[in-house]
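Colleague: Sequence first, predicted coordinates after that:
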Amino acid sequence: MSLAAATHGFLSPTGVEIAFLLVGLVTFGAAIVTVTTRQLVHAALWLVVTLGGLAVEYLLLTAEFIAWVQVLIYVGSVVVLLLFGLMLTRAPIGRSPDADSGNRWAALTVAVAAAAALVWVVVDAFRATWIDLDGPAAGSTEATGASLFQNWVLPFEALSVLLLAALVGAIVLSRKAKAEAATASGSTPSGSTPAGSTPVTRSEKEGTR
Amino acid sequence: MNDALDVTLRLLIVFVVFLTFPLIIGQTEHKVMAHMQGRLGPMYAGGFHGWAQLIADGVKFAQKEDVVPTGADRRIFQLAPAVALLPYLLVLLAIPIGPGEGAVGQVIDAGIFFVLAVMGVGVLGSLMAGWASANKFSLLGGLRTAAQLLAYELPMLLTAASVAMAAGTVSLPGILDAFEWWWLPWQIVGAIVFFVAGLAELQRPPFDMPVADSEIIFGAYTEYTGLRFALFLLAEYAGIVVLCGLTTVLFLGGWHGPWGADGLGWVWTLLKTAVLAFLVIWLRVTYPRLREDQLQKLSWTLLVPLSLAQIALTGVVKVVIN
């Protein structure tokens, strides 16, 4: 960071750099509110702001493709799934005094350690790299695709295996719960009634996501 | 023309389209539905065949008191209509209407991803409305909205990916540049899946279980009145414009026409969009509402396999012709 700043003038930042910093601050603030607010649904909505802010940061770093995928997957699907789960279980309006965890110091330690490790790795890896905003976009779909499927194929494939394992695990868990419910209730509704078939589709859906 | 003026002009045009097209579709829906049901529809407002009916409706909505229920989460309740409406305005920016750079609000490199991502955000508005209303019908509506989005987003993405594979690009103008007439039969399954999934995402009949007015009283929008309710309705019709425009661009060749039409590309785009919008209205009048389990079943057991098959077909044909 300091090396890069030395060549590009640390004291006269460009508009993009200022915007990057400001959006970063907003994102950071939203993230803090997400974990500290006592209102469960508000936490999920602040998460939207956080993830959206990250997407804007990607955009400012010219990684357009990553930014839109971030919005598509995290804001459009993960947060919707979160809200769906909250609404299905318990989503009171107003504060939930019990929405707290005894592990908060452990969580804070893990979060700070993870953040420190990430910052250190990124600073170490990209110490003096500078993105030329006027040149060809370094994060366009084409560039991202080429580097993903040429240099990073192995991690990509490993990730897909991991996701497959999660998928299979979700199906196994949901089927086990269904079998237990069936033996507990004695009579087994064959799943032809709407009430019997909706839980199945729901768990399948969560598995696929 | 200098840059600032150019950008302002484009934004202005997109904004005008955003304000007028949904109203035109709404008025068409009034009239088409009426004639299909042996009625006349609005006949008085504005004089000629009731053309000003929706403007009168708008004035009526604007006059109404803006009520927020006591038990509601005030800020989120008030914010929800904006979250539901704005994404469609952003999506309109990226839809090319004619050939060349001049006929699109903003050329976006990863256009398909931008469009689908931002459309997905719009559903958050319904979820927020459903939760913040502090009303059990609204909450049910919000739940059904979420379930529907999760079910139908996947086939929509997969079929859009199929077109991207065929064109070798994810930019919307790029896809249109690569379009050939035989893509129509090649991608027809994908087109139908995309259109149906889009209808479900907009919660249009027959996929209007989340707003089913006869059982859960318009779902997430039960507690809304006045201008905010009008904004939700506007979002629905803007959604129709966006969905029909996108289907046109992705599957029907956008500005390409059967007779070499130089300079008339935008007419083709508008014509195809209008025909699709008519289809949306026609489907509303024709089919009864699907039950919640039928909705989920249709997506997971029919649309997802069909879209996967379409991707496989696209891949095979692409490899063969290369």
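Modeller: Yep, it's here.

Colleague: For chain B, what is the nearest residue in chain A?
Modeller: Nearest residue of chain A to chain B, counting by C-beta to the nearest C-beta: A:Gly76, 2.8 Å away. No exception for glycine: its C-beta is placed from N, CA and C like everyone else's.

Colleague: neighbours around that residue, how many?
Modeller: By other C-beta atoms under 10 Å in any protein chain shown, 27 other residues sit near A:Gly76.

Colleague: Identify the residues contacting it.
Modeller: Going by C-beta atoms under 8 Å, 6 or more residues apart in numbering or on different chains, A:Gly76 touches B:116-117, B:120-121, B:123, B:153.

Colleague: What of A:Val26?
Modeller: Neighbours of A:Val26 in contact, by C-beta under 8 Å, 6+ apart: A:49, A:53.

Colleague: Which pLDDT value goes with residue 199?
Modeller: Since no chain was named, I'll use chain A. With respect to pLDDT, A:Pro199 scores 43.

Colleague: Sorry, I should have been clearer: chain B.
Modeller: At B:Leu199, pLDDT is 89.

Colleague: How about B:Ala129?
Modeller: 86.

Colleague: if I pick it, what's in contact with it?
Modeller: B:77, B:80-81, B:84, B:138, B:142, B:220-221, B:224, B:232.

Colleague: Turn the residues you listed into CSV, including neighbour count.
Modeller: Shown next, in CSV, are the contacts of B:Ala129 (neighbours: other C-beta atoms under 10 Å in any protein chain shown):
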residue, neighbour count
B:Phe77, 22
B:Ala80, 27
B:Pro81, 24
B:Ala84, 28
B:Ser138, 27
B:Gly142, 27
B:Ala220, 32
B:Tyr221, 27
B:Tyr224, 24
B:Phe232, 20
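
Colleague: Keep those residues, but drop any that are not near chain A.
Modeller: Counting by C-beta under 8 Å from any C-beta of the partner chain, B:Gly142 from the contacts of B:Ala129 sit close to chain A.

Colleague: ok, and the closest non-adjacent residue to the most centrally placed residue in chain A?
Modeller: Central residue of chain A (C-alpha atoms, centre = their mean): A:Tyr74, 5.1 Å from the mean position. Using C-beta to C-beta, 6 or more residues apart in numbering or on different chains and skipping the chain neighbours, the partner closest in space to A:Tyr74 is A:Leu51 (4.4 Å).

Colleague: State the helix or strand in which the one you found lies.
Modeller: Per DSSP states H and E, A:Leu51 falls inside helix A:40-60.

Colleague: Now do that helix: everything it contacts.
Modeller: Applying C-beta under 8 Å, 6+ apart, the contact partners of helix A:40-60 are A:16, A:19-20, A:23-24, A:26-27, A:30-31, A:33-35, A:37, A:64, A:66-68, A:70-71, A:74-75, A:79, A:82-83, A:86, A:90-93, A:96, A:99, A:139, B:73, B:76, B:124, B:128, B:131-132.

Colleague: What's the first helix or strand after that helix?
Modeller: Next in sequence after helix A:40-60, counting helices and strands by DSSP H and E, comes helix A:64-70.

Colleague: how about that following helix as PDB, C-alpha atoms only?
Modeller: Extracted in PDB, the C-alpha atoms of helix A:64-70 (Å, rounded to 0.1, in the frame of the first residue of the first chain):
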ATOM      1  CA  GLU A  64     -17.600  -5.900 -12.900                       C
ATOM      2  CA  PHE A  65     -18.400  -9.600 -13.300                       C
ATOM      3  CA  ILE A  66     -17.600 -10.500  -9.700                       C
ATOM      4  CA  ALA A  67     -19.600  -7.500  -8.500                       C
ATOM      5  CA  TRP A  68     -22.800  -8.600 -10.300                       C
ATOM      6  CA  VAL A  69     -22.300 -12.200  -9.200                       C
ATOM      7  CA  GLN A  70     -21.900 -11.000  -5.700                       C
END
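
Colleague: Just the mean pLDDT for the helix or strand that it is followed by, thanks.
Modeller: The C-terminal neighbour of helix A:64-70 among helices and strands, as given by DSSP H and E, is helix A:79-89. On average, the pLDDT along helix A:79-89 is 83.

Colleague: Report the angle between helix A:79-89 and helix A:40-60.
Modeller: If you take axes from the mean of the first three to the mean of the last three C-alpha atoms, to 10 degrees, helix A:79-89 sits at 180 degrees to helix A:40-60.
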